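# Turn this into a structure:
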Amino acid sequence: MILFDRPLRLGTRGSPLALAQARMTARALCDTHGWPDSAVAIVTVQTSGDRIQDRALAEIGGKALWTKELDRALAEGDIDFAVHSMKDVETLRPAEMRIAAMLPRADVRDKLVGADSFDALPDNPVVGTSSPRRAAQVARLRPDATITLFRGNVATRLAKLAAGEVHATLLAAAGLDRLGQGDVGITIPVDMMLPAPSQGAVGIETLGDNEAVLAALAAISDADTFDCVMAERNVLMGLGGTCHSPIAALALVDGDRLHLRAEIISPNGQETVRDEARIDRHDSDAAQAMGRSLLDRASPALRSLFEG
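Numbers count the residues shown, from 1 in each chain. Alright, predicted model coming up:
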């Protein structure tokens, strides 16, 4: 049994979903190691992404807005590890940080909330989302749609929808499930809307030289989730993708290999470049090559979204 002489400090954002994921992580650690509940203390860290709600992430610093304050707390010794929604974690991480574990992945799909299907939306619908991927996929499915910026936590977005600000919005099925709201919305097949890289995955990060915490976290890591998510992140690496870029990717375990799919989409939904392949589980080069091949086949306009 791995034991520590004080409670481990788990850093997390303060949103209801982030706290639910933190509690899942604490529960997994305590159950796996036979620790009392008091062995893990949850420390809430407010991030810039939580504070700034009126602009798209791409305009104000991208995914780092969800992680930089947690990174600082980790580097300064205020927390021992941090829990993240992996789709919110930048592709390039600080050298001293290590993604040490991932919990078993939840439902990777998106949900449409506000209508029974895209076809059921009225003419010229208004759809709320802050995701470039979802916006581009909606434009592909419903070219008559108007996309409006829709940020905030799940409750905030649902309240905006109920107030009639939009006809529909899109939310991750995993987040709704973790909040006990799995009955909200209509699940969209991945063949219609391929999810964001790492969607549905919870990751835990610590300092790369903290061997005791690394060992404790390794015991709760789900190998299939870890390998699939890292393949999807390697596609991002090959693309040089940012919050400006409409990117979708999904890896699934296929025997002893992975079936990896990815696509990039123009913001107006009129151009989609896709690829898929079976790759070895730890073949980061193959996953990165898929990302580069998407760019090679894209139009100059689409390729420009991934430059600079």
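
# Let me see the domain layout of this structure.
Split into domains by automatic domain parsing, the chain comes to 8-105+201-221, 110-187, 235-304.

# Dump these to JSON lines, plus mean neighbour count.
Just so you know, the C-beta spots here come from the backbone N, C-alpha and C atoms, and that holds for glycine as well. As requested, the domains of the chain are arranged in JSON lines below (neighbours: other CB atoms under 10 Å):
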{"stretch": "domain 8-105+201-221", "mean neighbour count": "18"}
{"stretch": "domain 110-187", "mean neighbour count": "18"}
{"stretch": "domain 235-304", "mean neighbour count": "18"}
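
# Show me the helices in the protein, by range?
Here the chain has its helices, by DSSP state H, at 16-33, 48-51, 57-60, 64-75, 132-141, 154-162, 173-178, 211-218, 223-239, 284-297, 300-304.

# List of residues touching the last one?
What that stands for is helix 300-304. If you take CB atoms under 8 Å, 6 or more residues apart in numbering as the criterion, helix 300-304 is touched by Ile264, Ile265, Ser266, Glu271, Val273, Leu295.

# And the longest one, by the same measure?
For helix 16-33, the surrounding residues in contact (CB under 8 Å, 6+ apart) are 1-2, 8, 10, 12-13, 35-37, 39-40, 42, 44, 83, 85, 103, 153-155, 175, 178-179, 202, 204, 216-217, 219-220.

# What angle do helix 154-162 and it make with each other?
Orientation check (axes from the mean of the first three to the mean of the last three CA atoms, to 10 degrees): helix 16-33 against helix 154-162 gives 150 degrees.

# the inter-axis angle of helix 16-33 versus helix 211-218?
Using the same axes, to 10 degrees: helix 16-33 against helix 211-218 is 100 degrees.

# Give me the angle between helix 16-33 and helix 64-75.
For helix 16-33 against helix 64-75, the angle by the same axes, to 10 degrees is 40 degrees.

# For the nearest residue to Ala216 once chain neighbours are set aside, give me its contacts.
Using CB to CB, 6 or more residues apart in numbering and skipping residues adjacent in sequence, the residue nearest Ala216 is Ile2, 4.9 Å away. Applying CB under 8 Å, 6+ apart to Ile2 gives the contacts His33, Ala212, Ala215, Ala216, Ala219.

# swap in Ala212?
When contacts are counted by CB under 8 Å, 6+ apart, Ala212 touches Ile2, Phe4.

# pLDDT value on it, please?
pLDDT, Ala212: 95.

# what do you get for the one 4 residues further on?
Residue-level confidence at Ala216 comes out at 97, pLDDT.

# Surely Asn153 touches Ser15?
Yes: contact criterion CB atoms under 8 Å: Asn153 and Ser15 qualify, at 4.7 Å.

# Quick check: pLDDT value at Ser48.
Model confidence at Ser48 (pLDDT) stands at 58.

# got a list of what the closest residue to Gly14 other than its chain neighbours touches?
Using CB to CB, 6+ apart and skipping the chain neighbours, the partner closest in space to Gly14 is Thr44 (4.3 Å). Taking CB under 8 Å, 6+ apart as the criterion, Thr44 is in contact with Thr12, Arg13, Gly14, Leu19.

# Tell me the one of the residues you listed nearest Ala248?
Closest approach to Ala248 among these (CB to CB): Arg13, at 24.0 Å.
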